[in-house]
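>>> no sequence on this one, just coordinates:
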């Protein structure tokens, strides 16, 4: 029997895109492959071309590659099979999608040779798109060394895919089939409890191809109903039991490892959708049992854990209360002694502030003092800001607002106090036009400066502003503030251009950064033709997209994220957009605090779809601070005052969508299938997607034999154009010649024009289609939609523009009925269209443009 230095166990499931690169990364190591390494390829029941690739390599390297194919059972069973065949001194597990750097094995081999007391060696995990490690572990891999985790508990090891193991350790290991994060943590750390000496080899890398947004760690929690409380109870409890047996206490590195797992579990934003109330209660119970073994100090000091989660863990650990400690100390440690200002604006000698503070007390009261005199503020209800995890409210949010009339000849000192008469620190929420990095905010008449947790407001003077700006630039350079390399030159350009551009009226129009096909584009086409003296209008879109050239034929265009976009963005008066997300509308959002304080733009939100549901957790005043919010129907307009958006009445406008003006009925024998997305599938892997009811439902529908037959019989083409999020997984669907997947993703309006019938579930695209008096069928097959339909004003059965179907047979029968009747909308549904839309006169662009023109500049 031949002995190898390394046994590389590659587990592959539908990995045809990456498996060859993975295998080659082992073969082409600087350590001689034929002499030192064997590869054990485990095909876990793949349904793509993974098998043929594996067979090719096994045939060409018969002495070094073993190929085993099995039915699909999961990663754990593949690991078990691989271990049973391994003959190497060291074992390494890797997914078929991932790969190793060329020098990894040689450096790991050298490390083992020099450090006999080490059983496990870890190398950095990097992502294909960047050279970053997991944020938690940046410090860990700065240099190659052996550490004892009892002495360095902060350098925890939470997953095995970056680890090389001495083979002798694994011979008695048995993994469960569906290998999950909790089992991976328990497996690796039980070995480290026995021998806490960990080898850290910074030379060499494991590349995770899935990337941080689709992190394999999170994908190892595929079914929270089967993990969650059971994993905490069994896998995590194993670490506690092993620690008590070995040390009679729980080492800090194990405590921190447990906290890491709990953090990942809580951060799974679909947890409340996947678990029932009873299951969440069980999870809370098991977490509380585990947290008894975790010291408060380790919770406080845990790296890369948000302060909100730390607060929550302290809360449940102490039986839904807080540790009996000095409240002021607790507030300071958890940063609960800070007022965060959401909106800071001075317009026409009026200061308006919206601010908030989190508290462990439900009766917190914040007092505002101006020149040592208390002034009145008003509470603003934003229940969406209350802090919940796993159905438990652990922090109360207090949002308040106030106005202060200013006199340009006076100076004002502003500070905040708690109801314990404690002076509070001041910080700024990310969208606020003020930041601690810059330290000041300016308008034409006023300079506001942050000074020792006080805001000083005084008359604007150019020389004083220049001095403050110089101080800001020096501070950025000295402190190496994140993004300072870009911020300093851009701010210097801003200073140089200020005398020439400060009075210019610049309007930006936008849709999505890579597409021009929405209200922004349609309004721009209208507005660019209007005679608006002294207003420069630009459309913003990525230069590397097809729509860039299209928009250049209409009017002036600026490349998204270009230098011109960044510079003029500092002088822009209005940003008119169908997507108001801050990371889209601000070219410098990643380093926004470096530019806060000198911005003056108003955000005009044209919407990209009719608002049907309660979306106040996203489209609220404290985060977006819109100056204009467009609606298209009375019911939609009214709904924005029902929930906690908290915009003033003059902000919400009922004028109709600009894109509706361009809708035309050029009906052909085309049926559109356009379902929305399901949020619980965000960041899931292909296996989970393909196993979901959402995927199975629509894959079944587009391959329904009766539907295909009837479409051919009546001469109809069916186009499947799902939500943009679906296209990441579009290759999972089975295609046929009759029902075509819209791979080109052309103009929505072109589809609406030629379509005869639309099938959707809840998508607002139905409103554009119905606007043309074309019928819609709503296929609502289950209760997996992420919005609470009880909070929607739109009753699909009573107000819809077609029938609601709950199963595939019913839907196909109705589609056939419509095809027989030339896809004519029924009279009752035409009446619903008339009742819903107020404006059908094709003058929406004019109304919207005129309304925007009446909004005065902020500065």
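Good, I have the coordinates. As the structure is a prediction and not an experimental result, all values here were calculated from the model. Numbers count the residues shown, from 1 in each chain.
>>> all helices for the stretch 401-550 of the chain, in order.
Using DSSP state H, counting those that start in this stretch, the helices of the stretch 401-550 of the chain run over residues 462-479, 484-501, 519-527, 546-552.
>>> In terms of secondary structure, what does the last one contact?
Using 3 or more Cβ pairs under 8 Å, 6 or more residues apart in numbering; DSSP states H and E as the contact criterion, the secondary-structure elements in contact with helix 546-552 are strand 535-541, strand 557-559. No exception for glycine: its C-beta is placed from N, CA and C like everyone else's.
>>> hmm, try it at 10 Å
Under the contact criterion of 3 or more Cβ pairs under 10 Å, 6 or more residues apart in numbering; DSSP states H and E, helix 546-552 touches helix 519-527, strand 535-541, strand 557-559.
>>> Off-centre distance for that helix?
Relative to the chain's own centre, helix 546-552 is displaced by 28 Å; criterion: Cα atoms, centre = their mean, to the nearest Å.
>>> Then stretch 266-282?
On Cα atoms, centre = their mean, the centre of stretch 266-282 falls 19 Å from that of its chain.
>>> okay, how far is it across it, tip to tip?
Criterion Cα to Cα, to the nearest Å; first-to-last residue distance in stretch 266-282 is 14 Å.
>>> Could you look over the helices of the stretch 401-550 of the chain and pick the most buried one?
With neighbours taken as mean count of other Cβ atoms under 10 Å, the helices of the stretch 401-550 of the chain reach their highest mean count in helix 519-527, at a mean of 25.
>>> domain assignment for the chain?
Following automatic domain parsing, one gets these domains for the chain: 4-218, 229-324, 339-460, 463-496, 503-656, 663-836.
>>> I'd like those domains as TSV, with mean pLDDT and distance to residue 845 appended.
Below are the domains of the chain laid out as TSV (pLDDT from 0 to 100; distance: least, Cβ to Cβ, whole Å):
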stretch	mean pLDDT	distance to residue 845
domain 4-218	89	37
domain 229-324	86	38
domain 339-460	94	27
domain 463-496	95	33
domain 503-656	96	4
domain 663-836	94	12
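>>> Select, out of those domains, the one closest to residue 846.
Closest to residue 846 of these is domain 503-656 (Cβ to Cβ; 7.1 Å).
>>> Backbone dihedrals for residue 852, both of them.
Per-residue torsions, residue 852: phi -60, psi -40 (degrees, to the nearest 10).
>>> Next one: it, what pLDDT does it get?
For residue 852, the pLDDT comes out at 98.
>>> returning to that earlier point: export the helices of the stretch 401-550 of the chain as TSV, with columns for distance to residue 570.
Formatted as TSV, those follow (distance: least, Cβ to Cβ, whole Å):
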stretch	distance to residue 570
helix 462-479	13
helix 484-501	5
helix 519-527	20
helix 546-552	22
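>>> any chance you could map the helices in the stretch 151-300 of the chain?
Using DSSP H, counting those that start in this stretch, the helices of the stretch 151-300 of the chain run over 181-194, 216-219, 229-231, 237-247, 252-267, 271-274, 277-291, 296-301.
>>> out of these, which comes closest to residue 140?
Closest of the helices of the stretch 151-300 of the chain to residue 140 is helix 252-267, at 11.9 Å (criterion: Cβ to Cβ).
>>> now the closest one and helix 237-247, what's the angle there?
Helix 252-267 and helix 237-247 are oriented at 170 degrees to each other (axes from the mean of the first three to the mean of the last three Cα atoms, to 10 degrees).
>>> Centre of the chain to helix 252-267, how far?
Distance of helix 252-267 from its chain centroid, counting by Cα atoms, centre = their mean, is 21 Å.
>>> Just the buried positions in that helix, please.
The neighbour-count check on helix 252-267 (16 or more other Cβ atoms under 10 Å) flags 252-266 as buried.
>>> Check which helices and strands that helix sits against.
helix 181-194, helix 216-219, helix 237-247, helix 277-291, helix 296-301, helix 307-317, strand 387-389.
>>> buried set for the shortest one?
Using 16+ other Cβ under 10 Å as the test for burial, strand 387-389 gives 387, 389.
>>> What are the contacting residues of it?
Contacts with strand 387-389, where a contact means Cβ atoms under 10 Å, 6 or more residues apart in numbering, come from 265-267, 271-272, 280, 284, 287, 308-309, 311-313, 315-316, 358, 393-397.
>>> Drop anything exposed from those residues.
By neighbour count, with 16+ other Cβ under 10 Å, the contacts of strand 387-389 hold 265-266, 271-272, 280, 284, 287, 308-309, 311-313, 315-316, 358, 394-397 as buried.
>>> partners of the lengthiest strand in the chain in the sheet?
In the chain, taking DSSP state E as the definition, the longest strand is strand 392-405. Paired neighbours of strand 392-405 in the sheet (DSSP bridges): strand 350-359 (antiparallel), strand 378-380 (antiparallel), strand 387-389 (antiparallel).
>>> just to revisit the earlier point, just so I know, which of the helices and strands packed on helix 546-552 lies nearest residue 47?
Nearest of the helices and strands packed on helix 546-552 (Cβ to Cβ): strand 535-541, 39.1 Å.
>>> what's the angle between the closest one and helix 484-501?
Relative orientation of strand 535-541 and helix 484-501, computed by the same axes, to 10 degrees: 150 degrees.
>>> and strand 535-541, which residues are buried?
536, 537, 538, 539, 540, 541.
>>> For the fourth one, name its beta-bridge partners.
When bridges are taken as DSSP bridges, the partners of residue 539 come out as residue 509, residue 557.
>>> quick one: it and residue 510 touch, right?
Yes. Contact criterion Cβ atoms under 10 Å: residue 539 and residue 510 qualify, at 7.3 Å.
>>> Need the overlap of contacts for the two.
Contact criterion Cβ under 10 Å, 6+ apart; residues shared by residue 539 and residue 510: 516, 520, 521, 524, 558, 560, 576.
>>> Please, where are all the helices along the stretch 1-150 of the chain?
Here the stretch 1-150 of the chain has its helices, by DSSP H, counting those that start in this stretch, at 19-27, 33-36, 50-60, 75-85, 104-114.
>>> To residue 198, which of these lies closest?
Residue 198 sits nearest to helix 104-114 of all the helices of the stretch 1-150 of the chain, at 11.1 Å, using Cβ to Cβ.
>>> which ones are touching residue 87?
Residue 87 neighbours (Cβ under 10 Å, 6+ apart): 1, 2, 3, 4, 7, 38, 40, 66, 167.
>>> before we move on, the earlier item: name the nearest of the buried residues of strand 535-541 relative to residue 781.
For these, the residue nearest residue 781 by Cβ to Cβ is residue 541; the value is 36.5 Å.
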